[in-house]
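> need the 3D shape of this:
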Amino acid sequence: MAATVVARAHPTRPRRLVGGERVDTTLLALIQTISEVTDDDREIVATVLHLLRSGRVRLIGTLRGECVEPS
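Next up is the predicted model:
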């Protein structure tokens, strides 16, 4: 069974992704959404990086267009 990613375009309105749909969201909203599923900080970081690198998520707000990579 394929996993479904829930993203938040608005903090109180989660929506489900279908197929290859891309979500525009803030980094904060993305981290908060993933944190609802796991408390493991490493898993949160790995998931955020995977979603950004794969193009499934595009950041908006202050980090729009920035390269987000661990140092």
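> the strands in this protein, which residues?
6-10, 13-16, 23-25, 57-59 (DSSP state E).
> contact partners for residue 68?
Residue 68 makes contacts with 27, 48-49, 52, 59, as judged by Cβ atoms under 8 Å, 6 or more residues apart in numbering. All C-beta atoms are positioned from the backbone trio N, CA, C, and that covers glycine.
> show me those that map onto helices.
27, 48-49, 52 (DSSP state H).
> so which of those comes closest to residue 37?
residue 48 (12.2 Å; Cβ to Cβ).
> report the contact partners of that closest one.
Residue 48 neighbours (Cβ under 8 Å, 6+ apart): 27, 30-31, 34, 57, 68.
> about what we covered before: I'd like a version of the ones in helices among the contacts of residue 68 in a markdown table, one that adds distance to residue 63 and pLDDT as further columns.
Compiled in a markdown table, the ones in helices among the contacts of residue 68 are given as follows (distance: Cβ to Cβ, whole Å; pLDDT from 0 to 100):
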| residue | distance to residue 63 | pLDDT |
| --- | --- | --- |
| 27 | 5 | 93 |
| 48 | 11 | 94 |
| 49 | 13 | 93 |
| 52 | 10 | 91 |
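> flag the shaky bits of the protein, pLDDT-wise.
Applying pLDDT under 70 to the chain flags residues 1-20, 71.
> nearest residue to the middle of it?
With distances taken as Cα atoms, centre = their mean, residue 30 lies nearest the centre of the chain, 3.9 Å away.
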